[in-house]
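A.B. asks: my questions concern the predicted model and sequence given below.
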Amino acid sequence: MDSAGVRDLLCGPLLLDTQLFKGKASDVDRRIGGALQLRSTDNGEVSEEAVTLYNSLLKSRTDVSGLDSSQRLRKDYKRWGEGEGAYGISTVPCELGEWLKFDSELEGALAAHAEREGVGLLLVMTTFMDDKDVFSRQLLVYAAEEERQRTCVAFLSSQTFPSFQQVGIDPSLSLEPLSLPPSSLPPSWTGRVHALRQLNTRASRKQVQPAVEAFMTTCLSP
């Protein structure tokens with residue numbers, strides 16, 4: 001591989017991980033960005049090349065149109081706990097209504113994924129830009145046991161989480177029921193899955209996971 005190819009390989013992860021040096025960018029990241037001519041070493045201004053590459057990479061990373069539901073759930077998935085306390089969270093860049101148009105058997109895919117991963121509770125965080133080009137989040141809560149799903153939804157909807165404030169985020173997830181057109185809901189949609197709008201869009205999986213852990217510890221401990 002030539003030097004240009006090596007440079008491209010270095011640029012991609014750096015730009016995505018630091019969100020164009022606006023997110024979690026360390027001093028080392030900034031120095032490397034300067035060395036790769038992605039940003040000015042004088043004023044920190046990001047180059048046009050960096051912006052173009054970042055937008056192209058971001059679009060590719062969030063395009064799940066060629067993936068089936070099983071693949072979407074596995075693409076960005078993390079699991080915690082063991083036995084009865086096991087749970088997992090998938091992040092999927094797709095609006096739920098569009099996903100249901102693509103796969104009317106989505107609940108079956110959720111059930112199969114949860115069984116395959118050995119988790120009694122599965123959450124799916126969807127991310128997308130709405131029709132006003134505003135970043136939005138939705139939350140799906142699935143459990144084979146309907147009572148666990150209902151209890152989890154009630155807990156996440158009613159609690160505040162002080163750990164959010166430590167990173168400057170509102171302490172509530174600000175969840176509200178997601179109204180979907182009846183025509184978009186498949187006949188098989190049951191009480192094992194619940195769809196919500198997450199109005200606190202700053203709370204990513206990094207914040208939601210400890211909230212779910214608190215639910216598992218508080219509500220499922222003997």
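C.D. replies: Okay, I see it.
A.B. asks: helix/strand/coil for residue 207?
C.D. replies: Following DSSP: H, G, I helix; E, B strand; the rest coil, the label given to residue 207 is helix.
A.B. asks: what pLDDT does the model give it?
C.D. replies: Residue 207 carries a pLDDT value of 91.
A.B. asks: tally of neighbours for it?
C.D. replies: Neighbours of residue 207 under the rule other CB atoms under 10 Å: 18. C-beta coordinates here come from the backbone N, C-alpha and C atoms, glycine included.
A.B. asks: now do the helices in the protein.
C.D. replies: For the chain, the helices defined by DSSP state H cover 3-18, 27-35, 48-61, 69-75, 96-102, 106-117, 146-158, 162-165, 205-220.
A.B. asks: just how off-centre is the fourth one within its chain?
C.D. replies: Spelled out, that is helix 69-75. 12 Å (CA atoms, centre = their mean, to the nearest Å).
A.B. asks: for it, name the packing helices and strands.
C.D. replies: Helices and strands touching helix 69-75, by 3 or more CB pairs under 8 Å, 6 or more residues apart in numbering; DSSP states H and E, are strand 87-92, helix 96-102, helix 106-117.
A.B. asks: what is the mean pLDDT for it?
C.D. replies: Per-region confidence: helix 69-75 scores 96 on mean pLDDT.
A.B. asks: and for the shortest one?
C.D. replies: When pLDDT is averaged over helix 162-165, the result is 84.
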